[in-house]
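Quick one: sequence plus predicted model below, questions after.
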Amino acid sequence: MKVFPTTVDFDINDEKPFLAYRLLIEEAGDYTAEVWTTPVNSVRNMRPLRFQLTAGKKNDCIVTTVLASFKAGDLDYFPWCQGVLDNIRINKISLSFDKGIQEISISALEAGLVLEKILIYRNGNEPLKSYLGPPESFYTK
């Protein structure tokens, strides 16, 4: 997902672009969502790059992928260097799910956000480390 037009910002209560996914939670409990985004910088100087994550009825949070004080192009600024080297930014969010079909949505608050992948796993059952992450889940009806 990429947000257009590239000059727009959204408020928490505005109608904004989003992607929604349904997933089957076989066991209620605490989970972690890893949201992988491309290592783009904010399109406006001294502005953060954020998204809103909503999952079920219990989880609603704002996640900042790039701080307003982010120093793009600074070779001594580790967060920028790491994003460039890995070509990805990963944000981990704690979630709580009930058993059954749940929905998770990602809404962009600033233009420039490009969503790559979402991993969701039960706490204590983290996927094995790999450079590109685990393969896509199977779709079941």
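Thanks, I have it.

pLDDT-wise, which helix or strand of the protein ranks last?
Lowest mean confidence among the helices and strands of the chain (mean pLDDT, DSSP states H and E): helix 78-86, at a mean of 85.

Check which helices and strands the helix or strand just after that one is in contact with.
Going down the chain from helix 78-86, the next helix or strand is strand 89-97, by DSSP states H and E. Applying 3 or more CB pairs under 8 Å, 6 or more residues apart in numbering; DSSP states H and E, one finds that strand 89-97 contacts strand 29-37, strand 49-55, strand 59-66. From N, CA and C alone the C-beta is placed, and that goes for glycine too.

what sits against the most centrally placed residue in the chain?
The residue lying closest to the centre of the chain (CA atoms, centre = their mean) is Val35, at 3.1 Å. With contacts defined as CB atoms under 8 Å, 6 or more residues apart in numbering, the neighbours of Val35 are 51, 53, 63, 90-91, 93, 106, 115, 117-118.

got a winner among those residues for most neighbours?
Most neighbours among the contacts of Val35, by other CB atoms under 10 Å: Phe51, with 26 neighbours.

Run through the bridge partners of that one.
Residues in a beta bridge with Phe51, per DSSP bridges, are Val63, Ala108.

just checking, it touches Ser105?
No. Counting by CB atoms under 8 Å, Phe51 does not reach Ser105; the two are 9.9 Å apart.

about what we covered before: now what about the least confident helix or strand of the chain, what contacts it?
Counting by CB under 8 Å, 6+ apart, 39, 70-75, 89 sit against helix 78-86.

low-scoring stretches of the protein, by residue?
1, 43-45, 138-141 (pLDDT under 70).

Using PDB, write down the CA coordinates of stretch 54-68.
Once non-C-alpha atoms are left out, stretch 54-68 reads as follows in PDB (Å, rounded to 0.1, in the frame of the first residue of the first chain):
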ATOM      1  CA  THR A  54      -6.800  -1.200  14.800                       C
ATOM      2  CA  ALA A  55      -7.300  -4.900  15.700                       C
ATOM      3  CA  GLY A  56     -10.500  -6.200  17.000                       C
ATOM      4  CA  LYS A  57     -12.300  -4.200  19.700                       C
ATOM      5  CA  LYS A  58      -9.500  -4.000  22.200                       C
ATOM      6  CA  ASN A  59      -6.600  -2.700  20.100                       C
ATOM      7  CA  ASP A  60      -6.200   0.800  18.600                       C
ATOM      8  CA  CYS A  61      -2.800   2.500  18.600                       C
ATOM      9  CA  ILE A  62      -0.700   5.000  16.700                       C
ATOM     10  CA  VAL A  63       2.700   3.700  15.500                       C
ATOM     11  CA  THR A  64       5.500   6.100  14.500                       C
ATOM     12  CA  THR A  65       7.900   4.600  11.900                       C
ATOM     13  CA  VAL A  66       9.900   7.800  11.500                       C
ATOM     14  CA  LEU A  67      10.300  10.400  14.300                       C
ATOM     15  CA  ALA A  68      10.000  14.100  13.500                       C
END
